[in-house]
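Participant: Structural data only, the sequence is not supplied:
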């Protein structure tokens, strides 16, 4: 029985071949039956063709994918490299724009005061040998930088040059606890000293017994003899609160610096002070407050008034 079952496909194949040859012979002899027979044969064989195509199509696609796998992998690697380059370019552009913005601000501030400056880029922060708060710049003696020169940013004072090499310099930041700078209050011209507190906040000690400190007062550098280490007129900070204690011999106040010392990129080293004290020329002016007047619309009562019922009189009998 098994042998007969195995011979059936072969017998079917032989019958199909003989039938095909028979139809071809009729077609060559011009018998019209061939057209209908051909259509019937095609109808019979179409499901078999579709089945064979369905079975072997994935196999063909697999070999095609294997053939092009190396090319596809290479393209993916190229796209990854290009993506990395684009990301690096975006980061570089953002960094450059940030530095240009700070540089433009520093140059504008220096230009308004008439200072002669050398622009420098921050290349390091902190000192491994000391606990002082410092930054390192990429400008040195060959650029005209000397010790005890004032350093400022886009908005105000940053610190003072403490060490210089041929190609670099070290700045002591105004946040360092050892930092001291003489200041005057722009409003009243009273003088005092601003002391670093190790952060972005400072202490003002007023030296004028008759002077007065108010919240919001702007402080500018008083200047030193020979303009070293400080030139006059550089914005230092703004008073945030006044110490009301009477125990202190001098008036004190908390001050917030104009510069963010944690995000310095490009700074200006003042190599020559202005010909004249700029006084309050660099004092930042607050943005004007816009007052909006709103006219209230009259409220109209749209409720319909219902007349009260009139009292009904009772006729006396």
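Facilitator: Looks like it arrived, so ask away. Bear in mind the structure is a predicted one, so any value in this text is a computation, not a measurement.

Participant: for this structure, what helix or strand is lowest in average pLDDT?
Facilitator: Across the helices and strands of the chain, mean confidence by mean pLDDT, DSSP states H and E is lowest for helix 33-113: a mean of 60.

Participant: C-terminal to that one, what's the next element?
Facilitator: strand 116-125 (DSSP states H and E).

Participant: helices and strands around that following strand, which ones?
Facilitator: On a contact count with 3 or more C-beta pairs under 8 Å, 6 or more residues apart in numbering; DSSP states H and E, strand 116-125 meets helix 33-113, strand 134-137, strand 266-272. In short, each C-beta sits where N, CA and C put it, glycine included.

Participant: May I have the strands that pair with the following helix or strand past the second one, each with its orientation?
Facilitator: Spelled out, it's strand 134-137. Per DSSP H and E, the first helix or strand lying C-terminal to strand 134-137 is strand 150-152. Partners of strand 150-152 in the sheet, by DSSP bridges, are strand 157-164 (antiparallel), strand 266-272 (antiparallel).

Participant: Any buried residues in strand 150-152, and which?
Facilitator: Neighbour counts over strand 150-152 (16 or more other C-beta atoms under 10 Å) mark 150, 151, 152 as buried.

Participant: now, which of those residues sits nearest residue 162?
Facilitator: Nearest to residue 162, judged by C-beta to C-beta, of the buried residues of strand 150-152 is residue 151 at 10.1 Å.

Participant: Quick check, pLDDT for that closest one.
Facilitator: The model reports residue 151 with a pLDDT of 96.

Participant: Kindly report the same for residue 11.
Facilitator: As predicted, residue 11 sits at a pLDDT of 72.

Participant: So it: helix, strand or coil?
Facilitator: With DSSP: H, G, I helix; E, B strand; the rest coil as the basis, residue 11 sits in helix.

Participant: Contact partners for it?
Facilitator: Listed by C-beta atoms under 8 Å, 6 or more residues apart in numbering, residue 11 has no contact partners.

Participant: one step back: least confident of the strands paired with strand 150-152, on average?
Facilitator: Among the strands paired with strand 150-152, strand 266-272 carries the lowest mean pLDDT, a mean of 92.

Participant: Show me which positions of that strand end up buried.
Facilitator: 266, 267, 268, 269, 270, 271.

Participant: Among these, which one lies nearest to residue 180?
Facilitator: Closest approach to residue 180 among the buried residues of strand 266-272 (C-beta to C-beta): residue 270, at 18.0 Å.

Participant: you'd agree the closest one is up against residue 117?
Facilitator: Yes - counting by C-beta atoms under 8 Å, residue 270 does reach residue 117; the two are 5.5 Å apart.

Participant: For residue 242, name its beta-bridge partners.
Facilitator: Listed beta-bridge partners, residue 242: residue 253 (assigned using DSSP bridges).
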